[in-house]
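Novice: Pasting a predicted model and its sequence here:
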Amino acid sequence: PEGLQTSAGVFDEATFRALDYVLDSSARHGVHVILALVNYWSDYGGMESYVKWCTDRPTIANASVTEFYTNPVCRQMYKNAMQTIMTRRNTINGRFYSEDPTILGWDLANEPRNPGDPSSNTLSYWIEEMSQFAKLISPRQLVTTGVEGFFGLTTPNLALNSNPGSDSWDSWICEGTDFMRFHNLPSIDFTVAHMYPDLWVDRSCNGSDYCKKLFASRWVDTHIEQSIILGKPFVLEEFGATARPGDDYRSSMNHREDIFETVFTEMEEAAAASDISVGSLFWSFSSLTYPDYDGFTVYYGGEGGSADTNQQQGNAGEDLDHPGVNPSAATGGGAYDSFWSEERNADQKEEEEEEEVKKKGSSKKKAVEKKRKKGSAAAGQQGSSKKRQKAGRQEKRGAELVGEKVGIWWKLDARFYDAVVEAYNRRNRKHKILYEDGVSEWIDLAKEKVEWK
C-alpha cells in the first residue's frame, strides 16, 4: 500500500482522515502515541521515495540513502512534510496535531541508518537539523531519533561488547548510527532503542534461546545505564520475539514469554530505582483478522494461526479500534465518512455495554451478599458439600492453585473454556492458564469470571 504522502507535497486525504481517527480514538481510550515521520525501509515508500522525488529519477539505481540526508532538495521536502503533518487539524476533534497531548512524541525517522559511514557524521548532522526544526513547529511535544540503538565510535567499548554478535560488532558501526552521540543532541528529548534477538543474534547464539535472553537483558540494561548518564528518559520503542508455527510453536511461545518477561523485569527494576523514567513497546499487537506477516505479531487471547481458527478455539479477544482495516483503501466521500462513523458508533456502543455490565454486576453482587446474610436453611447435604469444596478451592491463593482445573469465561463467545492453572508469577500475581487447544495466557484470576472444576 501507498503511504500518507503519495508524491512530493501531495498527501492522501483518506489516509490522513484515518490517522485523525486513530488519534481521536487513542485520546478517548487513554492511549498516547509516537508518530514516525519517515521510514528508513522502503515499506510505504520511505526514504527511497524522497530520493526519487528530489533527484527526479524513476528509480534509486546508482543512488544511495545518503542522498536523503545530504541533498538540500530532499531535506526541504522532508521539512515540508513534517510541517504539513504537525500543523494538521484533526477533522474529528478539531485539534492541531502539534497541540494534541495524545501525541507523546515524534520519531524523526523509523530506524534510520546510513550504511558506509562509520563516523556517523552524516546522520548526526541530519538529526540535529531536523530535531531543531521540529521544535520550532511543535515546541510542546517530545522529539526523538527513532534509531535501533547501535553503539558507535563515541563509545568504542560498548560498540565492541554491546552491539549484536560477537564477530560482527564492527558491521553495526558501519551502519552510520551512534546511540550516545545522537541522543546527546539538545533537541532530542528522550532516548530510544529497538531489539530483535531472533534477527540480530541468532547466528552468534547458534540458535540458543537462552543466549538470546541473555542478550536481551544486557541490551536493555546497557541502554538504561547510558540513558541515565545522558539524563534522559528511555523507551524501548520496539522489541519482539518470533512465534514459529508447527512443532516448534510451544517452545517458541515459551521463548517469546521469556524475552517479554526479561524486558518487563528490567523496566520495572529501573522504574523502582527512580533514577530514570522508562517505557517499552512490543512489536506488534494486532487484531485476529490481521495476518502475521513477520512472525512477531501478538494477538489478544491467542497467538498465530488464522483468525477463523482462533475464533473457533475461543481465543477471539477484544479487537483494537479497527486493526486489520487498511485505511488507505478508503475512497473518501460519503462511503468513507460512513465507514468511520459506524466505527465510532460501535466504539460508543461497546463502552455503553461495558458500563451496563458493570451496573448489573454491582446489583448482582449486592443480591448475593444479601442472600449470604440470610442463609439457606433448606440447603441439602449434597449442596453443602459442593459449596464447601468450591469454597475450599477459592480460598487457595497464588501457587496453591497450580494444577487446578478451571473454566475461563469469554464474554465475546458467552461460554466457559476449559483450562488448567499451569504456573503462578508472584511478581505480578498472575496465573498462567493452559487451554485445551494448547494456547496459554497469563491472567489475574481475581479479575476473571471462573468456574472451578
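Specialist: The structure has been received and is ready for your questions. Numbering: from 1, shown residues only.
Novice: Name the single longest strand found in the chain.
Specialist: Longest strand in the chain, counting residues (DSSP state E): strand 415-425.
Novice: Low-confidence regions, the chain specifically.
Specialist: The model of the chain has pLDDT under 70 over residues 1, 166-170, 245-249, 301-396, 412, 426-427.
Novice: Need the residues that contact the longest strand of the chain.
Specialist: The contact list for strand 415-425 (CB atoms under 8 Å, 6 or more residues apart in numbering) reads 314, 398-399, 401-410, 430-436, 440, 442, 445, 451, 453. Backbone N, C-alpha and C define where each C-beta goes, glycine included.
Novice: Which of these are buried, as a PyMOL select command?
Specialist: Of the contacts of strand 415-425, the buried ones go into a single PyMOL selection, burial set by 16 or more other CB atoms under 10 Å:
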select buried, resi 314+401+404+406+408+410+430+431+432+433+435+440+442+445
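Novice: Keep only those of the contacts of strand 415-425 that are in strands.
Specialist: Per DSSP E, these map to strands at 405-410, 430-435, 440, 442, 451.
Novice: just these now: which is nearest Asn206?
Specialist: Ser440 (27.1 Å; CB to CB).
Novice: where do the helices sit along the chain?
Specialist: Under the criterion DSSP state H, the chain carries helices at the ranges 13-28, 46-55, 66-70, 72-86, 121-137, 156-161, 169-173, 179-183, 197-200, 209-230, 249-273, 307-312, 333-374, 381-395.
Novice: Could you spell out the sheet neighbours of the longest strand of the chain, each with its direction?
Specialist: Looking at strand 415-425 with DSSP bridges, its partner strands are strand 405-410 (antiparallel), strand 430-435 (antiparallel).
Novice: May I see those arranged in JSON lines, with distance to Leu142 as well?
Specialist: Listed next are these as JSON lines, based on distance: least, CB to CB, whole Å:
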{"stretch": "strand 405-410", "distance to Leu142": "38"}
{"stretch": "strand 430-435", "distance to Leu142": "31"}
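Novice: Which one of those lies nearest to Val38?
Specialist: Comparing those against Val38 with CB to CB, the closest turns out to be strand 430-435 (38.7 Å).
Novice: The closest one vs helix 249-273, what angle?
Specialist: In terms of direction (axes from the mean of the first three to the mean of the last three CA atoms, to 10 degrees), strand 430-435 departs from helix 249-273 by 170 degrees.
Novice: contact partners of strand 430-435?
Specialist: Residues outside strand 430-435 that contact it (CB under 8 Å, 6+ apart): 313-315, 401-402, 406, 408, 417-425, 440-445.
Novice: neighbours around Arg203, how many?
Specialist: Neighbour count for Arg203, taken as other CB atoms under 10 Å: 11.
Novice: got it, and Tyr299?
Specialist: Using other CB under 10 Å: Tyr299 sits among 24 other residues.
Novice: Help me confirm that it comes into contact with Ser286.
Specialist: Yes: Tyr299 sits in contact with Ser286 when judged by CB atoms under 8 Å, with a separation of 6.2 Å.
Novice: Run a quick neighbour tally on Gln226.
Specialist: Other residues near Gln226 come to 22 when the count uses other CB under 10 Å.
Novice: OK, contacts around it?
Specialist: By CB under 8 Å, 6+ apart, the contact list for Gln226 reads Thr155, Leu158, Phe179, Met180, Thr191.
Novice: quick check, nearest of these to Ser64?
Specialist: When the contacts of Gln226 are compared for distance to Ser64 (CB to CB), Phe179 wins out at 22.5 Å.
Novice: Quick check: that closest one vs Gln132, distance?
Specialist: Distance from Phe179 to Gln132, counting by CB to CB, to the nearest Å: 20 Å.
Novice: Show me which of the two is the more surrounded one.
Specialist: Applying other CB under 10 Å to Phe179 and Gln132 shows that Phe179 carries more neighbours, namely 29 against 13.
Novice: if I look at that one, how far off is Lys232?
Specialist: 12 Å.
Novice: do the same with Gly30
Specialist: Distance, Gly30 to Lys232, using CB to CB: 25 Å.
Novice: Pick out whichever of these two has more residues nearby.
Specialist: Lys232 (17 against 7).
Novice: surely the more buried one meets Asp189?
Specialist: Yes: if you go by CB under 8 Å, Lys232 and Asp189 touch, sitting 6.9 Å apart.
Novice: give me every residue that touches Asn90.
Specialist: Counted by CB under 8 Å, 6+ apart, Asn90 has contacts Asp20, Leu23, Asp24, Phe96, Tyr97, Asp100.
Novice: let's go with 7 Å and repeat that
Specialist: Taking CB atoms under 7 Å, 6 or more residues apart in numbering, we find Asn90 in contact with Asp20, Leu23, Asp24, Asp100.
Novice: Redo the residues you listed as CSV? Include distance to Glu175 and neighbour count.
Specialist: Converted to CSV, the contacts of Asn90 look like this (distance: CB to CB, whole Å; neighbours: other CB atoms under 10 Å):
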residue, distance to Glu175, neighbour count
Asp20, 35, 21
Leu23, 32, 22
Asp24, 37, 22
Asp100, 33, 22
